[in-house]
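Visitor: fold the following.
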Amino acid sequence: MGNPLSVLYRDDYLLIVHKPAGLMVHRSPIDKHETEFALQYARALNGGQHVYPVHRLDRPTSGILVFARDSDTARTLGMAMMAGEVAKTYLAMVRGWPPEQGEIDYPLREEPEDRRLKGEEQPVRDAHTYYRTLATTEIPVEIEKYPTSRYAVVELCPKTGRKHQLRRHMKHINHPIIGDANHGRGRHNRYFAERFGKGRLMLAATGMAFRHPASSEPLTISAPPEESFLEVLSVFQGFQLPDPPGR
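Guide: Numbering: from 1, shown residues only. Next up, the predicted model:
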């Protein structure tokens, strides 16, 4: 098997890759039996040398993943992320037709990685997400109580980095992401899994912009969604992906 990561950007300080859906970033208490991780594949791309993941990308989410090639770079970029100085853009397909644009300001209770802590009271953190609707469609299929079903493609820009923030925020405004087993709608998830022969979370990290941790020069990274994502988007006739930032 080849390396499932594709390199988007590499220099002496950073290794930025595209991660496919279904691959965990690193070992986690969530799935102790998993044996393949983005971290080990990134290390292979780095000549076998250690790399440092500087942010999370959920297992079912595909897209841009940033590794630092040394601990100082990881620390600098991690602090920039915590300070809100890293702009992230995601593409998602959701149930229903959201407003043209909006802000979701809804605090989220922390979700611990270790399931043994689930019963303990967790702190609630501020969480902000901006969204804009890029396309809508209505298909002649009865999935719930209506003779047709509506869907939208949305661009999501989280301003905070809470765990599962985008998935939980879209559920909060009643426009859950298609393929989300934990926060979505089962009937819609099953319809698309059956129609396209395989289910997947319709969430992809497609853009990231920040100042380079060594040079302070602006750096913008973009990556189109993977083929399995684009295949499902075929229900939006004539939809064109938005131009990458900086064009």
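Visitor: residue 233 in helix, strand or coil?
Guide: In three-state terms, and counting by DSSP: H, G, I helix; E, B strand; the rest coil, residue 233 is helix.
Visitor: isn't it right next to residue 227, touching?
Guide: No: contact criterion C-beta atoms under 8 Å: residue 233 and residue 227 do not qualify, at 10.5 Å. Quick note: C-beta positions are derived from backbone N, CA and C, even for glycine.
Visitor: strands of the protein, start to end?
Guide: Ranges of strands in the chain, per DSSP state E, are 6-10, 14-19, 52-53, 62-68, 87-95, 101-105, 108-109, 124-125, 128-139, 149-158, 203-211, 218-222.
Visitor: any weak-confidence spans in the protein?
Guide: 1, 27-35, 112-120, 245-247 (pLDDT under 70).
Visitor: one more time with 90
Guide: 1-2, 25-37, 56, 109-124, 144-146, 161, 163, 237-247 (pLDDT under 90).
Visitor: can you tell me how far the closest residue to residue 82 other than its chain neighbours is from residue 174?
Guide: The spatially closest residue to residue 82, leaving aside those adjacent along the chain, is residue 161, at 7.9 Å (C-beta to C-beta, 6 or more residues apart in numbering). Distance, residue 161 to residue 174, using C-beta to C-beta, to the nearest Å: 23 Å.
Visitor: these two: who's more crowded?
Guide: residue 161 (15 against 11; other C-beta atoms under 10 Å).
Visitor: what residues are up against the more buried one?
Guide: By C-beta atoms under 8 Å, 6 or more residues apart in numbering, the contact list for residue 161 reads 55, 56, 81, 82.
Visitor: now for those: which two are most distant?
Guide: The largest separation in the contacts of residue 161, counting by C-beta to C-beta, is between 56 and 82 at 12.7 Å.
Visitor: only the buried residues of stretch 224-231, if you could.
Guide: Of the residues in stretch 224-231, 225, 226, 228, 229, 231 count as buried by neighbour count, 16 or more other C-beta atoms under 10 Å.
Visitor: got it, and stretch 78-97?
Guide: 78, 81, 86, 88, 89, 90, 91, 92, 93, 94, 95, 96.
Visitor: closest to residue 51 out of those?
Guide: Checking those one by one against residue 51 (C-beta to C-beta), the nearest turns out to be residue 78, at 13.6 Å.
Visitor: separation between the closest residue to the closest one other than its chain neighbours and residue 126?
Guide: Excluding its sequence neighbours, the residue lying closest to residue 78 (C-beta to C-beta, 6+ apart) is residue 54, at 5.2 Å. Distance, residue 54 to residue 126, by C-beta to C-beta: 21 Å.
Visitor: sounds good, over and out.
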